[in-house]
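Asker: Task: produce atomic coordinates for the following.
(one chain, ligands or ions: 2)
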Amino acid sequence: MFQFMTTVLVTGGAGFLGSHLCDRLIERGDDVICADNFFTGSKENVRHLIGHPRFELIRHDIVHPLYVEADRIFNLACPASPEAYQFNPIKTIKTSTVGMVNIMGLAKRCGARVLHASTSEVYGDPLVHPQTEDYWGHVNPIGPRSCYDEGKRIAESLMVNYHQEHGTEIRIIRIFNTYGPRMAPDDGRVVSNFIMQALKGEDLTVYGDGLQTRSFCYCDDLIAGMMKLMDQDEHTGPINIGNPVENTMLELAEAVIKVTGSRSKVVHMPLPKDDPRKRCPDITKARTLLGWEPQVRLAEGLMSTMEWYKLKLEQSQAKP
Ligand code: NAD
Ligand code: UDP
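Answerer: Ligands and ions are numbered 1, 2, ... in the order given. Okay, the predicted model is just below:
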């Protein structure tokens, strides 16, 4: 007899967040198809799942149509680090537009529920603080971050219109800065940069005066929130998922130096154009509608993240 189980497609599943999501889905008994073009992700992130009877890895770029059957789709495919998404900005736009059309077409054909990994970047350099979901944002449409920000905004619009026109079941999560093990050491984001620099005894590169703020969420908390949004039947979102504790980049540098016990110093570098001055999520909706809030404190999360990078560094140094 046929056995019915949930088949879940995770695009960008070999990336930092995608690979943690694949782990949680496999653990709870889902059938997982992981599709990734390996631009910023790697097989290494899902190596432990390869060969598992309920896990399938395919090299696929979502800019091209994908013909698989799925009950649920988590669309995480898109480079997330400013360095990575600005490397080939037109490709980044294609991923969030052409790629999103392909994902919504797949969802429509299969009758699948689709969750899209949107971002706090839809708020741009925000004039409302902390950011609530009803804030429309302050985005420079022709700036260096626009390939990512505007792409994510059109992806949200596509979802809402598929929902209204075709009844496609949608879930939109707006993710605020998330960190943890498996974020690529050379990814260019602040947590990976600072930890790698501290472990190597190099100066920590603080951009600008370091007084700009971000709110850092540990990956396990983020994945728990993402799964809660997907699993409930009432709310489409958008819902902010992130940690509402706000830190300056100087405070983050200090915390990393403390956790690593490094003698590294801080060095200031030019602030990239359009770098948002402050960012902090209002998570009232996540708390009240999903019963979710983050559990992991920054010092704790930085410690386990640091341990992972340390291991990676030792492994790379051990190679002949
Ligand atoms: P990541 O770069 O580690 O993961 C992205 C994955 O998508 C990689 O494996 C990459 O190879 C893959 N990918 C990129 N373009 C693709 C394409 N065209 N087709 C198929 N695969 C493609 O980044 P992450 O931090 O894991 O982010 C995952 C998602 O969450 C992204 O959509 C990102 O925009 C969103 N997000 C992340 C954060 C964060 O702080 N981590 C914040 C906001 C939003
Ligand atoms: N940043 C920094 N040093 C680095 C990398 C980033 O000071 O080596 C700053 C960056 O200018 C921004 C913040 O850290 O203000 C977060 O940057 P990240 O690239 O991690 O993500 P963003 O939130 O900007 O997308």
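
Asker: Mind checking what secondary structure residue 267 has?
Answerer: Following DSSP: H, G, I helix; E, B strand; the rest coil, the label given to residue 267 is strand.

Asker: I figured residue 89 hits residue 147, correct?
Answerer: Yes - using C-beta atoms under 8 Å, residue 89 is in contact with residue 147, at 3.6 Å. In this view, the C-beta of every residue, glycine as well, is placed from N, C-alpha and C.

Asker: could you check whether stretch 283-296 is close to ligand 1?
Answerer: No - applying C-beta under 6 Å from any ligand atom, one finds stretch 283-296 separated from ligand 1 by no less than 13.1 Å.

Asker: mind listing what's buried in that stretch?
Answerer: 283, 285-286, 290, 292, 294, 296 (16 or more other C-beta atoms under 10 Å).

Asker: What of stretch 18-28?
Answerer: Quick answer for stretch 18-28 (16+ other C-beta under 10 Å): 18-23, 25-26.

Asker: quick one: average pLDDT of it?
Answerer: The predicted model assigns stretch 18-28 a mean pLDDT of 98.

Asker: got it, and stretch 274-288?
Answerer: pLDDT averaged over stretch 274-288 gives 98.

Asker: How far off centre is it?
Answerer: On the basis of C-alpha atoms, centre = their mean, to the nearest Å, stretch 274-288 sits 15 Å off its chain's mean C-alpha point.

Asker: Please see if that stretch touches ligand 2.
Answerer: Yes - counting by C-beta under 6 Å from any ligand atom, ligand 2 is contacted by stretch 274-288 at residue 275.

Asker: Show me what that stretch is in contact with.
Answerer: Defining contact as C-beta atoms under 8 Å, 6 or more residues apart in numbering, one finds that stretch 274-288 is touched by 120-121, 123-126, 129-133, 140, 143-145, 174, 176-177, 207-208, 212-215, 225, 239-244, 246, 292-293.

Asker: Buried only: go through those residues for me.
Answerer: Among the contacts of stretch 274-288, those classed as buried by neighbour count (16+ other C-beta under 10 Å) are 120-121, 123-126, 130-131, 133, 144-145, 174, 176-177, 212-215, 225, 239-244, 246, 292.

Asker: Please identify which of the buried residues of stretch 18-28 is nearest to ligand 1.
Answerer: residue 18 (5.5 Å; C-beta to the nearest ligand atom).

Asker: Please identify which helix or strand holds the closest one.
Answerer: For residue 18, the element it lies in under DSSP states H and E is helix 16-27.

Asker: does residue 213 have beta-bridge partners, and which?
Answerer: Taking DSSP bridges, one finds residue 248 as the beta-bridge partners of residue 213.

Asker: That one and residue 113, how far apart?
Answerer: Residue 213 is 34 Å from residue 113, where distance means C-beta to C-beta, to the nearest Å.

Asker: coming back round to it: quick one: mark the members of the contacts of stretch 274-288 that sit in helices.
Answerer: Counted as lying in helices by DSSP state H, out of the contacts of stretch 274-288, are residue 225.

Asker: so of the contacts of stretch 274-288, which ones are in strands?
Answerer: 174, 207, 213-215, 239-241, 246 (DSSP state E).

Asker: want to throw these into CSV with pLDDT and distance to ligand 1?
Answerer: What follows is these, written out as CSV (pLDDT from 0 to 100; distance: C-beta to the nearest ligand atom, whole Å):
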residue, pLDDT, distance to ligand 1
174, 98, 8
207, 98, 17
213, 98, 15
214, 97, 9
215, 98, 10
239, 98, 13
240, 98, 11
241, 98, 9
246, 98, 15
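
Asker: closest to ligand 2 among those residues?
Answerer: residue 207 (3.5 Å).

Asker: Just give the closest residue to the closest one, not the sequence neighbours.
Answerer: The shortest distance from residue 207 to any non-neighbouring residue, by C-beta to C-beta, 6 or more residues apart in numbering, is to residue 271 (4.9 Å).

Asker: residue contacts, the one you found?
Answerer: 207-209, 212.

Asker: just the helices in this structure please.
Answerer: 16-27, 82-85, 89-110, 146-166, 190-199, 219-231, 249-260, 284-285, 298-318.

Asker: Contacts for the last one next, please.
Answerer: Residues outside helix 298-318 that contact it (C-beta under 8 Å, 6+ apart) are 179-183, 185, 191-192, 195-196, 198-200, 216, 218, 243, 245, 247, 255-256, 258-260.

Asker: next one: the longest one
Answerer: Judged by C-beta under 8 Å, 6+ apart, the contacts made with helix 89-110 from elsewhere in the structure are 9, 11, 61-71, 73, 75, 77-79, 85-86, 112-114, 116, 144, 147-148, 150-152, 154-155, 158-159, 162, 166, 168-169.

Asker: so how far is it from its chain's centroid?
Answerer: For helix 89-110, the distance from its own C-alpha centre to the chain's C-alpha centre is 17 Å (C-alpha atoms, centre = their mean).

Asker: Say whether ligand 1 is contacted by it.
Answerer: Yes - interface with ligand 1: helix 89-110 contributes 95, 99 (C-beta under 6 Å from any ligand atom).
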